[in-house]
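**Q** Give the three-dimensional model of this entry:
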Amino acid sequence: MSKILKIAGGVLLVGIIAVAALFATGTFTASAADGTLGIFHRGPGGPGGPDGDWQPDPNAPPRGWMEPYQDQMHAALADALGMTADELDAAIADGQRPYQIAEDKGIDTATIQEAMKAAHEAVINQALADGALTQDQADFLLQR
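**A** Model prediction:
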């Protein structure tokens, strides 16, 4: 077996173990029963006990809460890349990806990440002001 295949196999094994640990500790789950993905936690009874199945975190926001704010996030990404939203749309339509655009323009990835984090926080605060999120839900999102 070639050295690359051994390394790839090792990386895959570590990834599988990490994901299994996230599920086992209750950090992440997906509920296939109702077709939703979200942040879940174990009920007080533990696995198999009363309320022991995976349950939605009571502070998690509703699914799709961010949809009305996608344009704001898109505009923030375009601005961080030094272009308009229309220019970003055209570049993406031409097959470019935001990280490629940043690299071509010599923009550091950390700069883009900071801009997107600030935009995400602004969107959360706007959603809170609009009543789309509760304070607990906003706090939950801002902690992540």
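
**Q** all strands of this structure, in order?
**A** Taking DSSP state E as the criterion, the chain carries its strands at 29-31, 36-38, 40-42, 54-56.

**Q** Does Lys105 touch Gly82 like I think?
**A** Yes - with contact defined as C-beta atoms under 8 Å, Lys105 reaches Gly82; the gap is 6.2 Å. Glycine gets a C-beta too; all of them are placed from N, C-alpha and C.

**Q** pLDDT score assigned to the closest residue to Ile107 other than its chain neighbours?
**A** Residue nearest to Ile107 in three dimensions, not counting chain neighbours: Leu81, with 6.6 Å by C-beta to C-beta, 6 or more residues apart in numbering. Note for Leu81: predicted pLDDT of 94.

**Q** residues near Leu81, how many?
**A** Close neighbours of Leu81, defined as other C-beta atoms under 10 Å, add up to 21.

**Q** Wait, it touches Gln100, no?
**A** No - the criterion here is C-beta under 8 Å, and Leu81 misses it with Gln100 at 10.3 Å.

**Q** follow-up on the earlier one: what residues are up against the residue nearest to Ile107?
**A** When contacts are counted by C-beta atoms under 8 Å, 6 or more residues apart in numbering, Leu81 touches 88, 98, 101-102, 105, 107, 112.

**Q** Buried residues, stretch 101-110. List them.
**A** Within stretch 101-110, the residues scored as buried using 16 or more other C-beta atoms under 10 Å are 101-102, 107.

**Q** those helices in this structure, which residues are they?
**A** With DSSP state H as the criterion, the chain has helices at 3-24, 70-80, 85-93, 98-105, 109-130, 135-142.

**Q** Let me know the pLDDT of Ala132.
**A** We have a pLDDT of 92 for Ala132.

**Q** Might one say that it is in contact with Glu67?
**A** No - contact between Ala132 and Glu67 fails when scored by C-beta under 8 Å: they sit 9.7 Å apart.

**Q** Same drill for the two, tell me which one is more crowded.
**A** Of the pair Ala132 and Glu67, Ala132 is the one with more neighbours under other C-beta under 10 Å, namely 20 against 9.

**Q** What backbone torsions are found at the closest residue to the more buried one other than its chain neighbours?
**A** Leaving out its chain neighbours, the residue that sits closest to Ala132 by C-beta to C-beta, 6+ apart is Trp65, at 5.6 Å. Trp65 has phi and psi values of phi -60, psi -30 when expressed as degrees, to the nearest 10.
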